[in-house]
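**Student:** Quick one, what's the 3D model for this:
(2 chains)
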Protein chains: 2
Amino acid sequence: MGQKGNLMAFRPDIRVLDATIRDGGLVNSFFFTDDFVKALYEANIKAGVDYMEFGYKASKDLFDVNAFGKWKFCEEADLRAIVGNNDSDLKIAVMADVGRTDYKRDIIDKKDSVIDLIRVATYINTIPAAIDMIEYCHAKGYETSVNIMAVSTANSKDVEQALEMLGQSSVDVIYLVDSYGSLYPEQVREYTEMYCAIAEKYGKKVGMHAHNNQQMAFANTVEAVAFGASYLDATMMGMGRGAGNCILEGLLGFLRNPRYNIAYVLKFIQTYMLDLKKQGLVWGYDIPYLLTGLLNRHPKAAIDRMKEQNTDYLGFYHDLWDREN
Amino acid sequence: MGQKGNLMAFRPDIRVLDATIRDGGLVNSFFFTDDFVKALYEANIKAGVDYMEFGYKASKDLFDVNAFGKWKFCEEADLRAIVGNNDSDLKIAVMADVGRTDYKRDIIDKKDSVIDLIRVATYINTIPAAIDMIEYCHAKGYETSVNIMAVSTANSKDVEQALEMLGQSSVDVIYLVDSYGSLYPEQVREYTEMYCAIAEKYGKKVGMHAHNNQQMAFANTVEAVAFGASYLDATMMGMGRGAGNCILEGLLGFLRNPRYNIAYVLKFIQTYMLDLKKQGLVWGYDIPYLLTGLLNRHPKAAIDRMKEQNTDYLGFYHDLWDREN
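**Tutor:** Next up, the predicted model:
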């Protein structure tokens, strides 16, 4: 299929999604201040960002409301307290996990909601349940996307079959998700070509959601763009669980689309993001993440090591080996 | 030309060069302890690294010997104090800048030196002087390589002509050098193909030296490998001026060549590199570097901002624009 477009031109089909609150919320259990979220909303509008993901639509039956900030649940009233009726070009997104969202109760008709896009997150083994959610949300009037998580641990044949099933669903965008930050650019090219070939057959778009475990999140995102992905996730300063995500400030600098303006992102970062760092929130690349990425494992063990400030990297490497011997 | 090899296989022509002392020396003015350098030498041998660059062969007439540690000058006796006669498979490299090395005095016959490889660093406008140095060192019996610095600011036609001139010289390896960390992977692919096409015509190898200003050093290095480069520079924890270099720990994890062993790199990092951080040495990605990389400028201004701990990123962005208006 080969590369699409080149650096000096731009692809008008590109859409950038800011996932700072949703993926960054995994760092601080979604306890962002209203001031922060409102300023982020305004910065994204000014920067020309296309979608802002406000958090999860998690079931309050399954999660303790006292243990999380409100963006774990994204109630309509909380969204409207920030965006009003959202009289802007920025679209509002929320994530809904398969099996952890009471969608028939909590996802209301689109005409009554400021939400534009429901992002369904699924593992490869729950694709049929994801499709049920997609069809429900689509019928309610929403745009929908699907994140197939942890594809780096799935069999390619299974991924291909999942893509065919999703192709035949009502979903608008199918995301390549490098949950473990384990993919190298050449693998991203191969996956993107596979995703695009099937998605295009059915008139769908392809997205990219990268993690920075091996310092590849930004690079893998620009590779996915070059090979056909058009929906691109990023966060302010790469804020996200563990090693974090693709840096929004890098991505907007890379994209040549005239509607994006990095200046508002820089202003937001220096005014708001540095405070989060000062408060002690920790995210971003470090060697334990490199090792879980390299071995294609969930970063949980690396996150624990980081919390313990355990710098015995060799011991951790041994430990990762020994778990499965 | 397309991709060479794939992830599961390995290319026996790959050579890894550890540039920690040389590029990292730009962080601490080459004041490494003998203990550190000796341990690094031993770690590189154990890890299967192919070359270790000990520093510069700078002229003592042009640089104040009191302002720099000994690895700015790499005298034969200092090298031998670490490596003896270097009875190992690890080869010894030093860098020699065009116009700042008194090579006819300081580069002795290979038979009297433990140095194996002389790396000539040049800008595009001093290629003839670089070729004089290369021919001199080649005649003395050394392997030679050439780093054409800052190609991202040079005209492609000039680069092509430089490559043709170098192709006809005695140089063994021609390096693609992303001095400003401004290249994206697709540009690295294009440059690598251009370098390889000319280098192969003359039986030369191509190398990659990346900087991490835009979080692309490791990604760009693996891209260069995939498209034909075989000499790869990296440093422990990416230590190097400003945003630093390609991470050696990442590169050895990526490469499938059985002679490399990441475990010894991890052990060295936790035992020695973390101490440098604790002592207050600063290197690695930060937003000011992203901005100089994005605008294809030397990172000097970003390094100054970092030293001042100035986090007015937007002001810096304005400043970079205004300099040339």
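**Student:** helix/strand/coil for A:Arg119?
**Tutor:** strand (DSSP: H, G, I helix; E, B strand; the rest coil).
**Student:** my guess is it contacts A:Asp97, does it?
**Tutor:** No. If you go by Cβ atoms under 8 Å, A:Arg119 and A:Asp97 don't touch, sitting 9.7 Å apart. Any C-beta I mention is one placed from the backbone N, CA and C, and that applies to glycine too.
**Student:** What residues does chain A have near chain B?
**Tutor:** With Cβ under 8 Å from any Cβ of the partner chain as the criterion, chain A comes near chain B at residues A:3, A:6-7, A:184-187, A:212, A:214-220, A:222-223, A:226, A:237, A:247, A:249-250, A:253-254, A:262-263, A:266-267, A:269-270, A:274, A:287, A:290-291, A:294, A:311-314, A:317.
**Student:** Buried only: go through those residues for me.
**Tutor:** With burial judged by 16 or more other Cβ atoms under 10 Å in any protein chain shown, the buried subset of the residues of chain A next to chain B is A:184-187, A:212, A:214-220, A:222-223, A:226, A:237, A:247, A:249-250, A:253-254, A:262-263, A:266-267, A:269-270, A:287, A:290-291, A:294, A:311, A:313-314, A:317.
**Student:** Which of those fall in helices?
**Tutor:** By the criterion of DSSP state H, membership of these in helices covers A:185-187, A:217-220, A:222-223, A:226, A:249-250, A:253-254, A:262-263, A:266-267, A:287, A:290-291, A:294, A:313-314, A:317.
**Student:** Please read off the pLDDT at the residue in the stretch 1-150 of chain A that chain B sits nearest to from the model.
**Tutor:** Residue nearest to chain B within the stretch 1-150 of chain A: A:Leu7 (6.3 Å; Cβ to the nearest Cβ). In the predicted model, A:Leu7 carries a pLDDT score of 73.
**Student:** And what about it, helix, strand or coil?
**Tutor:** From three-state DSSP, the assignment for A:Leu7 is coil.
**Student:** which residues touch it?
**Tutor:** A:Arg256, B:Tyr184, B:Glu186, B:Gln187 (Cβ atoms under 8 Å, 6 or more residues apart in numbering or on different chains).
**Student:** nearest residue to the first one other than its sequence neighbours?
**Tutor:** Closest residue to A:Arg256 apart from its sequence neighbours, by Cβ to Cβ, 6 or more residues apart in numbering or on different chains: A:Phe10 at 4.0 Å.
**Student:** Make sure A:Ala302 is actually in contact with A:Gly242.
**Tutor:** Yes. Counting by Cβ under 8 Å, A:Ala302 does reach A:Gly242; the two are 6.3 Å apart.
**Student:** what is in contact with the two at once?
**Tutor:** A:Asn213, A:Tyr289.
**Student:** The two: who's more crowded?
**Tutor:** It is A:Gly242, of A:Ala302 and A:Gly242, that has more neighbours when counted by other Cβ atoms under 10 Å in any protein chain shown, with 27 against 24.
**Student:** how close does the more buried one sit to A:Lys277?
**Tutor:** 16 Å (Cβ to Cβ, to the nearest Å).
**Student:** What of A:Ile92?
**Tutor:** A:Ile92 is 27 Å from A:Lys277, by Cβ to Cβ.
**Student:** and what of A:Met208?
**Tutor:** 26 Å.
**Student:** With neighbour numbers in mind, choose between the two.
**Tutor:** Comparing A:Met208 with A:Lys277 by other Cβ under 10 Å, the one with more neighbours is A:Met208, at 29 against 14.
**Student:** May I have the strands that pair with the helix or strand that that one is a member of, each with its orientation?
**Tutor:** Assessed by DSSP states H and E, A:Met208 sits inside strand A:205-209. If you go by DSSP bridges, strand A:205-209 pairs up with strand A:173-177 (parallel), strand A:231-234 (parallel).
**Student:** Name the residues that touch that strand?
**Tutor:** A:13, A:15, A:17, A:19, A:145, A:147, A:172-178, A:188, A:192, A:195-196, A:199, A:220-221, A:224-225, A:228-233, A:245-246.
**Student:** Endpoint to endpoint, stretch A:108-119 covers what distance?
**Tutor:** 15 Å (Cα to Cα, to the nearest Å).
**Student:** in it, what counts as buried?
**Tutor:** So for stretch A:108-119, counting by 16+ other Cβ under 10 Å, buried means A:Lys110, A:Ser113, A:Val114, A:Ile115, A:Asp116, A:Leu117, A:Ile118, A:Arg119.
**Student:** Tell me how far it lies from the chain's centre.
**Tutor:** In this view, stretch A:108-119 has its centroid 18 Å away from the chain centroid, taken as Cα atoms, centre = their mean, to the nearest Å.
**Student:** now do stretch A:96-105
**Tutor:** Distance, centroid of stretch A:96-105 to centroid of chain: 18 Å (Cα atoms, centre = their mean).
**Student:** before we move on, what about stretch A:45-55?
**Tutor:** 13 Å.
**Student:** can you give me the mean pLDDT across it?
**Tutor:** 98.
**Student:** Ok, stretch A:259-267 next?
**Tutor:** 97.
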